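Asker: attaching a predicted model along with its sequence, questions to come.
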Amino acid sequence: MTSGTPPGTSGAQAPMTPVCDDVRTRRLLGDPAVGDDAHVATCGACASATAALGHVRAAFAADRPPGPPPSLAPRVLAAARPLLAARRRHAARRALVAAVAVALLPLPLIVFVDVWVLQMIYGALTRFFPATLSFYLVVNYAAVLALLGALTYGAIPLLAERQARGRYEALHG
Amino acid sequence: MASDEELIAAVAAGEDEALAVLYGRWERPLHAFLTRYTGGRDVDDLVQETWLRIVRAAGRFDPARRFSTWLFQIALNLARDWRRRPPAEPVDPEDTHIMAAPDASGRVDAGIDAARLLAALPEAQRAVVILRHFHDLGEDDVAAILDIPRGTVKSRLHHAMARLVTLATDAAPTRRRGL
């Protein structure tokens, strides 16, 4: 590190350099670098500012702003409660929409496969039974499949809520 | 223990407990920052408004950022805009009585009043000094909070330093008289 001014220069008149700025800043922040003391010893401007810098540093170190009043935390948390409730509703809606969207993605394929299977079953049954009876059996089977599908999709909100609760418990232990 | 970033994600999901924990962690630093920055004006209201904004914007928090940077940025913007009243203007060094007031025993404290020193700085320099010195934030963090280049942080700090040294030097004769 180089000296800002020639040794012996009068402090009051000595010009400052960018080095002086850095040295003073580090000294105020209490983070002096190697060579700062040597710079101050040879720089009139920095030497003359040492006492003032010390006073500023002492003032900053002694500064103890008043802490928050005890009533502030309950006040802030109470004011935030309606916003948090709105966020909860929003988050629940988003989770539900996401879950339903994901669940709906394979639905066309499921319906297509089910219809194909039902056609196969109907075709096989009509070889052995009258058409009316075969149709009755296939409709019964289709009704069971539809009921299972409805139950599965009806459980999505419950699963989404359980997943949200699981995330909460994982976060809070 | 959950990190600030995990907690703010929980706040985004509307969890009261997460906000309470986060608030407890940052109540004192935020209050101290706003007290120093505004000179103690409307600090409680500013703290409350800061947290309400945090809750409202929690869903938009970028997890790649540090929560503290975001918090101070919101608080600083609010303090600037609060009721459209600018923070106290810098005090003319000629008019500044940097000496602390006499205490109960009538003795004058030999130290310089940090609040008055900070009040004597222009707003832009004051913010840099408070964040850098009192909150021990790095130049990159301060630059992110103030949305300015790192070089500007350095130059503001240097200008603030020069002003503080001048103020402390000017106060020296007064201090001697006080003693």
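Answerer: Happy to help now that I have it.

Asker: only C-alpha atoms for contact and neighbour calcs from this point on.
Answerer: Will do.

Asker: number of nearby residues for B:Glu30?
Answerer: Residue B:30: Leu, not Glu. As a burial measure, B:Leu30 scores 22 neighbours (other Cα atoms under 10 Å in any protein chain shown).

Asker: cool, and B:Gly40?
Answerer: The burial count assigned to B:Gly40 is 16, neighbours taken as other Cα under 10 Å.

Asker: tell me the secondary structure for it?
Answerer: Under DSSP: H, G, I helix; E, B strand; the rest coil, B:Gly40 falls in the coil class.

Asker: contacting residues around it?
Answerer: B:Gly40 sits next to B:Leu34 when contact means Cα atoms under 8 Å, 6 or more residues apart in numbering or on different chains.

Asker: give me phi/psi at it?
Answerer: Dihedral pair for B:Gly40: phi 100, psi 10, per degrees, to the nearest 10.

Asker: what pLDDT does it get?
Answerer: On pLDDT, B:Gly40 comes in at 84.

Asker: how near is it to A:Gly67?
Answerer: 11 Å (Cα to Cα, to the nearest Å).

Asker: also A:Cys43?
Answerer: 41 Å.

Asker: give me the more crowded residue out of these two.
Answerer: Using other Cα under 10 Å as the criterion, A:Cys43 and A:Gly67 rank with A:Cys43 on top: 26 against 12.

Asker: and the more buried one, its phi and psi?
Answerer: As for A:Cys43, its main-chain torsions (degrees, to the nearest 10) stand at phi -110, psi 120.

Asker: starting at the chain centroid, how far to the worst-scoring helix or strand of chain B on mean pLDDT?
Answerer: Lowest by mean pLDDT, DSSP states H and E among the helices and strands of chain B is helix B:150-178, with a mean of 80. From the chain centre to the centre of helix B:150-178 is a distance of 18 Å (Cα atoms, centre = their mean, to the nearest Å).

Asker: can you list the buried residues in it?
Answerer: By 16 or more other Cα atoms under 10 Å in any protein chain shown, the buried positions in helix B:150-178 come out as B:150, B:153-172, B:175.

Asker: A:Thr152: neighbouring residues, count only.
Answerer: 11.

Asker: would it count as being in a helix?
Answerer: Yes: counting by three-state DSSP, A:Thr152 is located in a helix.

Asker: the residue nearest to the spatial centre of chain B: which element?
Answerer: Nearest to the mean C-alpha position of chain B, by Cα atoms, centre = their mean, lies B:Phe33 at 3.2 Å. Assigned by DSSP states H and E, B:Phe33 belongs to helix B:16-38.

Asker: any idea of the mean pLDDT in the helix or strand where A:Val139 lies?
Answerer: Counting by DSSP H and E, the element that carries A:Val139 is helix A:131-154. For helix A:131-154, mean pLDDT rounds to 93.

Asker: repeat for stretch B:119-132
Answerer: pLDDT averaged over stretch B:119-132 gives 92.

Asker: if we can go back for a sec, touching chain A at all, the least confident helix or strand of chain B?
Answerer: Yes: counting by Cα under 8 Å from any Cα of the partner chain, chain A has neighbours in helix B:150-178: B:157-158, B:161, B:164-166, B:168-169, B:172.

Asker: mind putting these in CSV, distance to B:Trp26 included?
Answerer: Formatted as CSV, the residues of helix B:150-178 next to chain A follow (distance: Cα to Cα, whole Å):
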residue, distance to B:Trp26
B:Leu157, 25
B:His158, 28
B:Met161, 28
B:Leu164, 28
B:Val165, 31
B:Thr166, 34
B:Ala168, 32
B:Thr169, 35
B:Ala172, 37
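
Asker: the inter-axis angle of the top helix by length along chain A versus helix B:16-38?
Answerer: Using DSSP state H, we find that the single longest helix of chain A is helix A:72-104. Here helix A:72-104 points in a direction 130 degrees away from that of helix B:16-38 (axes from the mean of the first three to the mean of the last three Cα atoms, to 10 degrees).

Asker: low-confidence stretches in chain A?
Answerer: Residue ranges of chain A with pLDDT under 70: A:1-18, A:168, A:171-173.

Asker: quick check: most distant residue from the centroid of it.
Answerer: A:Pro130 (63.5 Å).

Asker: how close does the residue of chain B found nearest chain A get to A:Val97?
Answerer: The nearest approach of chain B to chain A comes at B:Gly14, 4.3 Å away (Cα to the nearest Cα). Distance of B:Gly14 to A:Val97, given as Cα to Cα: 17 Å.

Asker: show me which residues of chain A are close to chain B?
Answerer: So chain A meets chain B at A:21-22, A:24-25, A:29, A:49, A:52-53, A:55-56, A:58-60, A:62-63, A:65-68, A:72-73, A:75-77, A:79-81, A:83-91, A:168, A:171-172 (Cα under 8 Å from any Cα).

Asker: the same query, at a cut-off of 7 Å, please.
Answerer: A:21, A:25, A:29, A:49, A:52-53, A:55-56, A:59-60, A:63, A:65, A:67-68, A:72, A:76-77, A:80, A:83-85, A:87-88, A:91, A:171 (Cα under 7 Å from any Cα of the partner chain).

Asker: now list the buried members of those.
Answerer: Buried, going by 16+ other Cα under 10 Å: A:21, A:25, A:29, A:49, A:52-53, A:55-56, A:59-60, A:65, A:68, A:76-77, A:80, A:83-84, A:87-88, A:91, out of these.

Asker: leaving out chain neighbours, which residue sits closest to A:Ala62?
Answerer: B:Ala114 (7.9 Å; Cα to Cα, 6 or more residues apart in numbering or on different chains).
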